[in-house]
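Asks: need coordinates for the below:
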Amino acid sequence: MNYQWYPGHMTKARRMMQEDSRLIDLVIELVDARVPMSSRNPDIDEIVRGKSRIVLLNKADLADKRYNSQWIDYFEKKGFYALEINARSGAGIKNIMPLVQKACQEKMERDRKRGIVNRPVRAMVAGIPNVGKSTFINSFAGKACTKTGNKPGVTKGKQWIRLNKNLELLDTPGILWPKFEDQKTGERLAMIGSISDEILEPQELAIAVIAYLQREYPQLLQERYGVGGTGEHPACAEDARSKEAGEHPACAEDVRSKEAGGQTVCGSGLPKDGERGGVEAADMAKARELLREICIARRCFQKGETPDLPRAARLLLDDFRNGRIGRITLEYPEEWT
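Replies: Purely as a prediction, here's the structure:
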């Protein structure tokens, strides 16, 4: 499947961000914690070059917590301030203002030396569609300032929001970039719902999700739908629900290893070197079979007890995007180093 989505309003939004970049002191960039790099628009680096940057890993509650801290370290080593949050619940929101002050400390000191006092920091909130910018702003402000939705493209224009005397936020529409050089990036964005479902084939996308889960999180497929294999280390079988990297002494040593005598290790299902996270390397035939099994297990039938695979696919995608299957990360820092 070819993953591309760049509606006309995004060109206008990109141009608007370029014009507004001269007005701001700071960029607060939201990314999806499940795909922190795939959900970063590379154009933003060019648009706001030279501005202080805070990267917020939103929806951190949906991502595998083993990797959230690794991604924080990754961004901090790149020179960004970084924090994991859950805009919907408010987790981590109280830690943002101190980070804003830290990121803009030099700017505020320059203002003080020039005799400029009580000038608020002006921050642009940026991110791709459906990453949760409007929910974040409402949570940060403590009131409904922007319209929210569970599909991409809800915010179409810009608006300034004064949070307090020290900070003003510029909300911007979510924009993608005209062409994904790597279709794996497009696939990951489709999985989390940042590409309009109207242009996708839900059944094929669901099969890709299942193939990935069967490789990396097989125990979650079993727990949610009663299908698939666990692939666990034998000594970990009694603790299938544990998601921590060091849950069993024998696994703690090699759960991050890419090779263990040519075998995958522990319940994380880590493949051999060069294969990790590659949906294209998974057994797609097995994934199609598992979708059919999920369809039957969840009683997704048309008339005459015919399996309704498109309905099962939509059910699985909804479960995946809303965290009902479990906490899942789709990419890892080592892929981007």
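Asks: what is the neighbour count of Ala103?
Replies: Burial of Ala103 is recorded as 21 neighbouring residues (other Cβ atoms under 10 Å). From N, CA and C alone the C-beta is placed, and that goes for glycine too.
Asks: residues contacting it?
Replies: With contacts defined as Cβ atoms under 8 Å, 6 or more residues apart in numbering, the neighbours of Ala103 are 26, 52-54, 81.
Asks: ok, so of those, who is nearest Glu335?
Replies: Nearest to Glu335 out of these is Arg53 (Cβ to Cβ; 21.1 Å).
Asks: which other helices and strands contact the helix or strand harbouring that closest one?
Replies: Of the helices and strands defined by DSSP states H and E, Arg53 is found in strand 52-58. With contacts taken as 3 or more Cβ pairs under 8 Å, 6 or more residues apart in numbering; DSSP states H and E, strand 52-58 sits against strand 26-32, helix 65-77, strand 81-84, helix 96-103.
Asks: how about the helices in the chain?
Replies: Using DSSP state H, the helices assigned to the chain run over residues 8-20, 42-47, 65-77, 96-103, 105-113, 133-141, 183-192, 202-216, 218-225, 249-252, 284-297, 309-321.
Asks: where among these is the average confidence lowest?
Replies: Taking the average pLDDT of each of these, the minimum falls on helix 249-252, with a mean of 34.
Asks: got the helices of the chain as JSON lines, with distance to Ala33 columns?
Replies: Conversion of the helices of the chain to JSON lines gives the following (distance: least, Cβ to Cβ, whole Å):
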{"stretch": "helix 8-20", "distance to Ala33": "23"}
{"stretch": "helix 42-47", "distance to Ala33": "18"}
{"stretch": "helix 65-77", "distance to Ala33": "6"}
{"stretch": "helix 96-103", "distance to Ala33": "15"}
{"stretch": "helix 105-113", "distance to Ala33": "26"}
{"stretch": "helix 133-141", "distance to Ala33": "13"}
{"stretch": "helix 183-192", "distance to Ala33": "10"}
{"stretch": "helix 202-216", "distance to Ala33": "16"}
{"stretch": "helix 218-225", "distance to Ala33": "17"}
{"stretch": "helix 249-252", "distance to Ala33": "23"}
{"stretch": "helix 284-297", "distance to Ala33": "24"}
{"stretch": "helix 309-321", "distance to Ala33": "13"}
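Asks: wait, which of those helices is closest to Leu30?
Replies: Proximity to Leu30, assessed across the helices of the chain by Cβ to Cβ, is greatest for helix 133-141 (5.4 Å).
Asks: and the closest one, what other elements does it pack with?
Replies: Here helix 133-141 touches strand 121-126, strand 159-164, strand 167-171, going by 3+ Cβ pairs under 8 Å, 6+ apart.
Asks: circling back to that earlier point, Asp197 is nearest to which of the helices and strands packed on strand 52-58?
Replies: strand 26-32 (16.2 Å).
Asks: so what strands line up beside that closest one?
Replies: Each strand pairing with strand 26-32, determined using DSSP bridges, is listed with its direction: strand 52-58 (parallel), strand 121-126 (parallel).
Asks: re the thing from before, which one, of the helices and strands packed on strand 52-58, ends up nearest to Pro307?
Replies: Between Pro307 and the helices and strands packed on strand 52-58, the shortest gap by Cβ to Cβ is with strand 26-32, which sits at 31.5 Å.
Asks: using PDB, list the CA coordinates for that closest one.
Replies: Listed next in PDB are the C-alpha coordinates belonging to strand 26-32 (Å, rounded to 0.1, in the frame of the first residue of the first chain):
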ATOM      1  CA  LEU A  26      10.200  28.900  21.300                       C
ATOM      2  CA  VAL A  27       8.700  25.900  19.500                       C
ATOM      3  CA  ILE A  28       6.800  23.200  21.500                       C
ATOM      4  CA  GLU A  29       6.800  20.200  19.200                       C
ATOM      5  CA  LEU A  30       4.400  17.400  20.000                       C
ATOM      6  CA  VAL A  31       5.300  13.900  18.700                       C
ATOM      7  CA  ASP A  32       3.500  10.600  19.200                       C
END
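Asks: and that strand, how far out from the chain middle?
Replies: Between the centre of strand 26-32 and the centre of its host chain there is 12 Å, according to Cα atoms, centre = their mean, to the nearest Å.
Asks: send the alpha carbons of stretch 328-337 over as CSV?
Replies: The C-alpha trace of stretch 328-337 is given here as CSV (Å, rounded to 0.1, in the frame of the first residue of the first chain):
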residue,chain,number,x,y,z
ILE,A,328,3.1,-0.5,22.1
THR,A,329,6.1,1.3,20.6
LEU,A,330,6.5,1.0,16.8
GLU,A,331,10.1,2.3,16.4
TYR,A,332,13.3,2.5,18.5
PRO,A,333,16.1,5.1,19.0
GLU,A,334,18.7,2.6,17.5
GLU,A,335,16.9,2.9,14.2
TRP,A,336,17.8,6.6,14.0
THR,A,337,21.3,6.6,15.3
